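*Asks:* test case, fold it:
(4 chains)
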2 protein chains.
Amino acid sequence: MPKLGMEPIRKAALVNATIVEIGRSGSLDVTVSQIAKRAGMSTALAHHYFGSKEAMFLAAMRHVLSLYGAEVRGALAVASGPEQRLHAILRASFSPANFRREVVGAWLNFYVLAQTLPEARRLLAVYQGRLRSNLLVCLRPIAGAKAEGVANGLGALIDGVYLREALTGTAPDGKTSVALVLDYLNAELKRPRP
Amino acid sequence: MPKLGMEPIRKAALVNATIVEIGRSGSLDVTVSQIAKRAGMSTALAHHYFGSKEAMFLAAMRHVLSLYGAEVRGALAVASGPEQRLHAILRASFSPANFRREVVGAWLNFYVLAQTLPEARRLLAVYQGRLRSNLLVCLRPIAGAKAEGVANGLGALIDGVYLREALTGTAPDGKTSVALVLDYLNAELKRPRP
DNA sequence: TTTTTTGTTGATTGACGAGTCAATAAACTT
DNA sequence: AAGTTTATTGACTCGTCAATCAACAAAAAA
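*Replies:* Here you go, the predicted structure:
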C-alpha cells in the first residue's frame, strides 16, 4: 500500500536508525540489515533510497553536525554580548544531548571515517570552520589581536575536553567542562602581556 | 622447520602488522587474514598465538601506548627543571612519530574501542593517568595550588590539538602544536589573580 | 484506461571472514 | 628410542553481509 512522498520519511528514519545503531554497537560495524530493521523496512528499500551503506553514514554525519549547529544557533539567539555568546557556544557544545551514547559514538566514528573518506573529512572541516568563525566573532571585541590564536586554542580545547569527558567511564559533566574552558579563556584574556 | 622460541617473534610481528593494517585501512575493519599475511604467517598461526582478533587489537594498543610512554621517558631523561621537563613532554607528544598514519589510525580507533571494550578503556585511563601525573610533577613547583586544574586543562588540550592536527588534511606541524599548548600554559601561569 | 512513476520486499548472488581441527614436522626431554 | 612440547598450515565449518533483481502493488499522468 504505497503512499506517495515516502522518500523523505524513509530517509529520515534510516538516518536516525544509522545513528542509533552506531551508538549501540560503538562502531561503524553495523549492518544495513540492522539499520533497516530498526527503521522498519527491508534492506532492499534502504539500498533503494541510499544506494550504499557509505551514503547512509555520510547522511548520518551530516545530520549530527546539523543538529549540533542548530543547538549552537539556538543558544546564540538568546545571548547578547560577546561573553554571553561565548558561554552559549560552550554550553551548547557540552550539552547533555551531545553526550548521549549514540552522539558520542557518531562523533568518534566520524573521526575514524575522516581518515579515509574525503567527504567525511570535508564535513569535519566545515564544522571546525563554523565553530572557529563563531568563536572569532565573540573574541575579536574582547581579545583583539589575540583573537585568532585564542580561537584556535579554544576550538582544540573544546574537542579535547569533549573527548575525555565522553570516554571516562563516569557520567559526563557539562558544567565542569564549561568551567574548564572558561578558565582557559579568562587566563588568556587577563594575561598581563599580550 | 620449527625453530623454538618463535612465540615472542611471531607476537611482535603480529602486533606490528596489526598497527600497520589499522593505519592502512584507517579502521578496525581489518581481517586476521590481512594481518597474518603482512606478518608473514598463516591465519591459523595468528589465532594460535593470540586466540582472537580482539586480543591482537589490545596487544597493539598496549604497544602504541608503551612506545609513547618510552618516548616521553626518553625526553624527560635529558631535561632538567620543571619548565624544561614540560617542554619535553609536549615535544614527545607532538613528535613526528606520533603523526605517522598508522599511529594516528591506532589512536583514533582505540578511542572507538574504548567505548565498548572495558580493557581498552582501562588502557586509555592508564595513559591519561600517567600523562596527568607527569604534568603534575612539573606543575606543582611552578603553578602551586593551580597545578591540578592546569594539568587537567593541559591534558585535554594536548588531546584536542593532536586530534585536530591529525585530521586536517595538511601535514601535521608539531612545532605549532607545542607553541599553542605552551601559550595556554603561560597564560595560566602569568595570570594575575589565581 | 493504459502507461509511467513510486514504493516495497523476498529471494538470491557472490563474496568474505573468524575461529577450529587434524595433520605434519622438528626440536627437546627422559 | 619413545614421548612430549612447540611450530606451522591447508582445509573446513558456519556464519554473515552488501548489493542486485524480479516481481508486485498502488497512485499519478497520459
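
*Asks:* name the SS class of A:Gly169, please.
*Replies:* Recorded secondary structure, A:Gly169: coil (DSSP: H, G, I helix; E, B strand; the rest coil).

*Asks:* got the phi and psi for it?
*Replies:* phi -50, psi -30 (degrees, to the nearest 10).

*Asks:* got it, and A:Asp173?
*Replies:* Backbone phi and psi, for A:Asp173 under degrees, to the nearest 10, turn out to be phi -120, psi 100.

*Asks:* next, count neighbours for the residue nearest to it when sequence neighbours are not counted.
*Replies:* Nearest residue to A:Asp173, sequence neighbours excluded (C-beta to C-beta, 6 or more residues apart in numbering or on different chains): A:Glu165, at 7.0 Å. From N, CA and C alone the C-beta is placed, and that goes for glycine too. Neighbours of A:Glu165 under the rule other C-beta atoms under 10 Å in any protein chain shown: 21.

*Asks:* distance of A:Glu165 relative to DNA strand C?
*Replies:* 31 Å (C-beta to the nearest atom of the strand, to the nearest Å).

*Asks:* please apply the same query to A:Met6.
*Replies:* 4 Å.

*Asks:* please apply the same query to A:Val103.
*Replies:* Taking C-beta to the nearest atom of the strand, one finds A:Val103 at 27 Å from DNA strand C.

*Asks:* coming back round to it: list the contacts for the residue nearest to A:Asp173?
*Replies:* A:Phe94, A:Phe99, A:Pro172, A:Asp173, A:Gly174, A:Ser177 (C-beta atoms under 8 Å, 6 or more residues apart in numbering or on different chains).

*Asks:* rank the residues you listed by pLDDT and give me only the lowest.
*Replies:* Among the contacts of A:Glu165, A:Pro172 carries the lowest pLDDT, at 87.

*Asks:* tell me which element A:Gly5 is part of?
*Replies:* Counting by DSSP states H and E, there is no helix or strand that carries A:Gly5.

*Asks:* and after whichever strand or helix holds the residue nearest to A:Asp173, which helix or strand comes next?
*Replies:* Using DSSP H and E, A:Glu165 sits in helix A:147-167. Toward the C-terminus, helix A:147-167 is succeeded by helix A:174-189 as the next helix or strand (DSSP H and E).

*Asks:* in that next one, what's buried?
*Replies:* A:Gly174, A:Ser177, A:Val178, A:Leu180, A:Val181, A:Asp183, A:Tyr184, A:Leu185, A:Ala187, A:Glu188, A:Leu189 (16 or more other C-beta atoms under 10 Å in any protein chain shown).

*Asks:* nearest to B:Asn109 among these?
*Replies:* Set against B:Asn109, the nearest of the buried residues of helix A:174-189 by C-beta to C-beta is A:Ser177 (24.1 Å).

*Asks:* isn't that closest one up against A:Leu163?
*Replies:* No: using C-beta atoms under 8 Å, A:Ser177 is not in contact with A:Leu163, being 10.8 Å away.

*Asks:* A:Arg10 touches A:Leu45, doesn't it?
*Replies:* Yes: counting by C-beta under 8 Å, A:Arg10 does reach A:Leu45; the two are 6.8 Å apart.

*Asks:* neighbour count: the two, which is higher?
*Replies:* Legend: neighbour count by other C-beta under 10 Å for A:Arg10 and A:Leu45, higher for A:Arg10 (19 against 15).

*Asks:* tell me which stretches of chain A form strands.
*Replies:* Remark: no strands are assigned in chain A by DSSP state E.

*Asks:* okay, now the unreliable bits of it?
*Replies:* A:1-3, A:191-194 (pLDDT under 70).

*Asks:* run a quick neighbour tally on A:Gly169.
*Replies:* 9.

*Asks:* does it touch B:Arg122 like I think?
*Replies:* No: look at A:Gly169 against B:Arg122 with C-beta under 8 Å: they stay out of range, at 9.3 Å.

*Asks:* circling back to that earlier point, in a markdown table, list the contacts of A:Glu165 along with distance to DNA strand C.
*Replies:* Putting the contacts of A:Glu165 into a markdown table (distance: C-beta to the nearest atom of the strand, whole Å) gives the following:
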| residue | distance to DNA strand C |
| --- | --- |
| A:Phe94 | 37 |
| A:Phe99 | 31 |
| A:Pro172 | 31 |
| A:Asp173 | 36 |
| A:Gly174 | 37 |
| A:Ser177 | 37 |
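
*Asks:* in chain A, what residue lies closest to chain B?
*Replies:* Closest contact between chain A and chain B, by C-beta to the nearest C-beta, is at A:Gly160 (2.5 Å).

*Asks:* touching, that residue and B:Ser177? I think so.
*Replies:* No: contact criterion C-beta under 8 Å: A:Gly160 and B:Ser177 do not qualify, at 11.9 Å.

*Asks:* anything in contact with each of the two?
*Replies:* Contacts common to A:Gly160 and B:Ser177, judged by C-beta under 8 Å, 6+ apart, are B:Val161.

*Asks:* so which residues on chain A come close to DNA strand C?
*Replies:* Residues of chain A lying close to DNA strand C (C-beta under 7 Å from any atom of the strand) are A:2-7, A:10, A:41-45, A:48.

*Asks:* tell me which of the residues you listed fall in helices.
*Replies:* Taking DSSP state H, the ones among the residues of chain A next to DNA strand C that sit in helices are A:Glu7, A:Arg10, A:Thr43, A:Ala44, A:Leu45, A:His48.

*Asks:* before we move on, back to that, next, the angle from the helix holding A:Glu165 to helix A:174-189.
*Replies:* Put simply, helix A:147-167 runs at 160 degrees to helix A:174-189, going by axes from the mean of the first three to the mean of the last three C-alpha atoms, to 10 degrees.

*Asks:* buried ones in helix A:147-167?
*Replies:* A:147, A:149-167.

*Asks:* near DNA strand D, which residues of chain A show up?
*Replies:* Residues of chain A lying near DNA strand D by C-beta under 7 Å from any atom of the strand: A:1-4, A:30-34, A:43-44, A:47, A:51-54.
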